[in-house]
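# from the sequence below, what's the structure:
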Amino acid sequence: MRALTMKLLRRRDKQVDAAKTRRRGAELEDAILAAAWDQLLAEGYARFTVDTVAARARTSKPVLYRRWSSREELLRATVRQRGASVVPKTPNTGNVRDDLIQSLRNASGPENSVAAMLTALASSHFEDVGLTPAELRADMLGSRDTSVTTILARAVERGEVDADKLTPRIVDLPFTLFRHEYVMTFAPPTAAAIVEFVDDIVLPLIRRV
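Next comes the predicted model:
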């Protein structure tokens, strides 16, 4: 009898502990999306499934399916959440050349979300992902300006850059070069390559004559 009583008490204690640690609402969703990001970086998109994310988040598949109907929806939600929570600092060194170089160097670091996402997806076929890199990048950036947009706006105010030369493609050029290097090599550009991007390609196109 005493053994049965102790067993029931232990079960009650476990239930109480579980109730105390049970996650709900926004807390649960944030925990799932954090686990989803970790899963994407750890094993790539091939192993980014509802099962693996649920296991990493220590919850059940039905909990995820109540929020996202497919792993593609889960991926987009994961990318949006990561983009909103980690906003990189825009360099402000006082001149456009150093600002652009520092911005690209920041993007090359392992802590950069876009670079990390590209690394995780690089070995996957985007037909399998069901989304283009441009769509995922747009999800991550949201409505905020890119660091290059801010840098170039400051450069125009200082008289370093000709505003009439800043077409949308020219504004995106620094990171177009960055992304091309990443996709072609599966690695971030070297420091020397970043300087070459800025000095030999970008600045000659935008500097005020």
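# correct me if wrong, but Thr93 is in a strand.
No. Secondary structure of Thr93 (DSSP: H, G, I helix; E, B strand; the rest coil): coil, not part of a strand.
# list the residues that contact Leu104.
Contacts for Leu104 (C-beta atoms under 8 Å, 6 or more residues apart in numbering) come out as 174-175, 178, 189, 194, 197-198. (Each C-beta comes from the backbone N, C-alpha and C, glycine too.)
# same list, these, but as JSON lines with distance to Asp30 please.
Output for those, formatted as JSON lines (distance: C-beta to C-beta, whole Å):
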{"residue": "Pro174", "distance to Asp30": "32"}
{"residue": "Phe175", "distance to Asp30": "28"}
{"residue": "Phe178", "distance to Asp30": "30"}
{"residue": "Pro189", "distance to Asp30": "33"}
{"residue": "Ile194", "distance to Asp30": "34"}
{"residue": "Phe197", "distance to Asp30": "36"}
{"residue": "Val198", "distance to Asp30": "37"}
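# as TSV, these with distance to Arg137 and secondary structure would be great.
TSV is the format used below for the contacts of Leu104 (distance: C-beta to C-beta, whole Å; DSSP: H, G, I helix; E, B strand; the rest coil):
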residue	distance to Arg137	secondary structure
Pro174	14	helix
Phe175	9	helix
Phe178	12	helix
Pro189	17	coil
Ile194	19	helix
Phe197	18	helix
Val198	21	helix
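# and which of those residues is nearest Leu141?
Phe175 (10.6 Å; C-beta to C-beta).
# what's the pLDDT at the closest residue to that closest one other than its chain neighbours?
In space, and not counting its chain neighbours, Phe175 is closest to Val148: 6.4 Å by C-beta to C-beta, 6 or more residues apart in numbering. Per-residue confidence (pLDDT) for Val148: 92.
# pretty sure Ala54 contacts Arg66?
No. With contact defined as C-beta atoms under 8 Å, Ala54 does not reach Arg66; the gap is 11.6 Å.
# which one of these two has more residues nearby?
Ala54 (20 against 9; other C-beta atoms under 10 Å).
# what is the mean pLDDT for the strand or helix carrying that one?
For Ala54, the enclosing helix or strand under DSSP states H and E is helix 50-57. Helix 50-57 shows a mean pLDDT of 95.
# what comes up buried for that helix?
Residues of helix 50-57 classed as buried under the neighbour-count rule (16 or more other C-beta atoms under 10 Å) are 50, 52-54, 56-57.
# output the contacting helices and strands for it.
Packed against helix 50-57 by the contact rule (3 or more C-beta pairs under 8 Å, 6 or more residues apart in numbering; DSSP states H and E) you find helix 25-43, helix 61-65, helix 71-85.
# now those in TSV, with mean neighbour count and distance to Leu104?
Shown next, in TSV, are the helices and strands packed on helix 50-57 (neighbours: other C-beta atoms under 10 Å; distance: least, C-beta to C-beta, whole Å):
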stretch	mean neighbour count	distance to Leu104
helix 25-43	17	21
helix 61-65	15	36
helix 71-85	19	18
